[in-house]
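compute the structure for the input listed below.
(one chain, ligands or ions: 1)
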Amino acid sequence: MTVEQGQSAFITGGASGIGRALAVALACRGVHVTILDLNSDQGEEAVRLVEEEHARLSYKPSSPSAIFIRCDVTKSDELAAAFTRHHDVFGRLHICINSAGILTGAQPFHEHEEAWRKVIDLNLVAVINGTCKAIQAMKDHGGLILNISSVYAYVPSLNDPIYATSKAGVAMFTRSLATVGMGIRVNALCPEFVETPLFSGVPSFFLDYLRDKVGLVEMEKVVAAAFSIFDDENKVGECLSVPANRPTEVWPDEESKRKNQIFKKDGSIFAAGDFD
Ligand SMILES: NC(=O)c1ccc[n+]([C@@H]2O[C@H](COP(=O)([O-])OP(=O)(O)OC[C@H]3O[C@@H](n4cnc5c(N)ncnc54)[C@H](O)[C@@H]3O)[C@@H](O)[C@H]2O)c1
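Residues are numbered from 1 along each chain as shown. Here you go, the predicted structure:
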């Protein structure tokens, strides 16, 4: 499946940043969107942006262009109810994007356990849950699932080990779903630093440092990377690295994948679920 007019997408964290940019970009292709977020004002604003894009198209949708659902995605019952509502409104789920995430700098050695568990609950557990619920919703007709991981899937974060752990988990979970089948393609994006409200909780010098010394990824590049996955039916269980100063590329590269394969005693490759 690739992206087509009239499909519907379900986007966690769709009120802001990367989730919102993807909602608007999908709307440009005539896709209907359910925005899930904690932030109602920005969620309603994202709905308006999607409606504006639909109004620009000659396409006249028969169902709403977009709906907002206030939902804490770490609460499984709220997330389940949101999937049901999406189905009730749009009849089917074609695309699920798990973008809701936080960056708190929670230090596991110095802070209360609750602080770092919150990061894992949102950035990893809710992504797993959202992916599983999306697979349930798509199992009869296929679909696209995009999980937003990070450069910290493969670069250690010396000052935020829990964030890096959550993102590495998202990447490996996604890669391990390469053979999920049912016409469902699960992939992940691993962007470097993108200027979004994600950084509002960290000291401003950090963002200044990134801007001046490291480089920031343009949002257009993140959106283009997402669509390169959506539009390529061969992309399954892949992570796409989106750096600021180099072209977007699949991670890990083919050589690393080959090097880290596990071989059976007969010399053939052992892959997950491959028992003969
Ligand atoms: N901005 C970056 O540099 C960058 C780089 C790599 C990966 N990412 C990842 O991309 C994703 C989106 O980040 P962003 O930069 O767009 O940040 P953002 O802060 O702009 O967007 C995140 C959204 O998630 C929502 N959210 C937070 N907790 C929630 C919850 N419990 N339930 C529902 N919604 C919740 C927030 O309200 C917000 O609207 C995150 O997973 C982030 O880790 C961001």
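
how about the contacts made by residue 131?
Residue 131 makes contacts with 96, 98, 145, 147, 173-174, 177, 186, as judged by Cβ atoms under 8 Å, 6 or more residues apart in numbering. Every C-beta, even on glycine, is put in place using the N, C-alpha and C of the backbone.

state the distance from it to residue 186.
6 Å (Cβ to Cβ, to the nearest Å).

now the common contact residues for those two.
By Cβ under 8 Å, 6+ apart, residue 131 and residue 186 have these common neighbours: 145, 147, 174, 177.

what is the nearest of those to residue 225?
Closest approach between these and residue 225, by Cβ to Cβ: residue 147, at 13.0 Å.

quick one: that closest one is in a strand?
Yes. Assigned with DSSP: H, G, I helix; E, B strand; the rest coil, residue 147 falls within a strand.

that older thread, tell me which of the contacts of residue 131 is nearest to the ligand?
When the contacts of residue 131 are compared for distance to the ligand (Cβ to the nearest ligand atom), residue 98 wins out at 7.7 Å.

element containing residue 48, please.
Using DSSP states H and E, the element containing residue 48 is helix 40-56.

the nearest residue to residue 108 once chain neighbours are set aside: how many residues sit nearby?
Using Cβ to Cβ, 6 or more residues apart in numbering and skipping residues adjacent in sequence, the residue nearest residue 108 is residue 116, 4.9 Å away. Counted by other Cβ atoms under 10 Å, the residues lying close to residue 116 total 21.

could you do residue 206 as well?
For residue 206, the neighbour count with other Cβ under 10 Å is 14.

ok, residue 71 next?
23.

any idea how far it lies from the ligand?
Distance check for residue 71 against the ligand: by Cβ to the nearest ligand atom, to the nearest Å, it reads 6 Å.

surely that residue meets residue 80?
No. Using Cβ atoms under 8 Å, residue 71 makes no contact with residue 80, being 9.9 Å away.

re earlier: just give me the closest of the contacts of residue 131 to residue 239.
residue 174 (6.5 Å).

give me phi/psi at that closest one?
In terms of degrees, to the nearest 10, the main-chain angles of residue 174 are phi -60, psi -50.

that one: what's it in contact with?
131, 147, 149, 186-188, 237, 239.

which ones among the residues you listed lie within helices?
Residues of the contacts of residue 174 located in helices (DSSP state H): residue 131.
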